[in-house]
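Asks: model this:
(one chain, ligands or ions: 1)
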Amino acid sequence: MVVKVYGPAYAAPKRVIVCLIEKEVEFETVPIDLLKGENKHPEFLKLQPFGTVPVIQDGNYTLFESRAILRYYAEKYKSQGTDLLGKTIEERGVVENWLEVESNSYNPPVFTLAVQILLSPKLGIPPDENLIKESEEKLAKVLDVYEERLSKSKCHGSRLKLRIRAASGPGHSLFRRPEST
Ligand SMILES: N[C@@H](CCC(=O)N[C@@H](CS)C(=O)NCC(=O)O)C(=O)O
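Replies: This next block holds a predicted model:
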């Protein structure tokens, strides 16, 4: 059964796509154009009542919220592809710890930067420079912690990957402002 991933191949859906690649699960993307508001169409809202991407359909099973989807596939295909969850409950705890950090500390400033730097110009809205500065400062603090912890981590590559994969959502193309490309 080929998994359907609804959404563009960037931002939050990218977390899911990278996870499916790591778990060697066959998938196809169903493009949803956020700029055209396709995520608010009644048909899409039947799959995701909050009108956000990603959503997956795996046969007749439907799931939304990217991190819930990551956890689902990491468990479902535990012994297939890259092990993303660890072998002990303690290792799993560490994975969950850093998934929460990604969700609560890394993603909010990255998401704001993505909106302000990448999306606002496309919509003809002037970016909020104060918000950009504040978000860059918050992000820099998180990245300092990542750097410090990862440089000392004894964690094997695969679990490190789930945490980094989760962090590969909206942030992946952020770090250059369009005017500097
Ligand atoms: N917590 C959700 C967030 C999903 C989300 O905010 N997706 C954005 C794209 S990154 C979206 O669909 N935005 C469209 C909108 O809010 O109208 C998840 O991780 O799946």
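Asks: Check K4 and give its pLDDT.
Replies: pLDDT for K4: 98.
Asks: Assumed it was part of a strand.
Replies: Yes: K4 forms part of a strand when assessed by DSSP: H, G, I helix; E, B strand; the rest coil.
Asks: For it, give its distance to the ligand.
Replies: 15 Å (CB to the nearest ligand atom, to the nearest Å). Every C-beta, even on glycine, is put in place using the N, C-alpha and C of the backbone.
Asks: Give me the neighbour count for that residue.
Replies: Counted with other CB atoms under 10 Å, the neighbours of K4 add up to 16.
Asks: For stretch 44-64, measure first residue to last.
Replies: 12 Å (CA to CA, to the nearest Å).
Asks: Using neighbour counts, pick out the buried residues of that stretch.
Replies: 44, 47-48, 52-58, 63-64 (16 or more other CB atoms under 10 Å).
Asks: Name the nearest residue to L47, sequence neighbours excluded.
Replies: Leaving out its chain neighbours, the residue that sits closest to L47 by CB to CB, 6 or more residues apart in numbering is V55, at 4.8 Å.
Asks: how about the one you found, phi and psi?
Replies: Note on V55: backbone dihedrals following degrees, to the nearest 10 are phi -130, psi 140.
Asks: just T29 next, same as before
Replies: Backbone torsions for T29, taken as degrees, to the nearest 10, come to phi -100, psi 140.
Asks: Show me what from the protein comes close to the ligand.
Replies: 11-12, 34, 39, 51-54, 65-67, 170 (CB under 6 Å from any ligand atom).
Asks: could the residues you listed be laid out in CSV, adding distance to L20?
Replies: CSV is the format used below for the residues of the chain next to the ligand (distance: CB to CB, whole Å):
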residue, distance to L20
A11, 16
A12, 14
L34, 20
N39, 20
G51, 23
T52, 19
V53, 15
P54, 11
E65, 15
S66, 11
R67, 14
P170, 18
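Asks: S79: how many residues sit nearby?
Replies: Residues near S79, counting by other CB under 10 Å, number 5.
Asks: Which of the three states applies to it?
Replies: S79 ends up coil, using three-state DSSP.
Asks: Where do the domain boundaries of this protein fall?
Replies: Taking automatic domain parsing as the criterion, the chain consists of the domains 3-76, 89-173.
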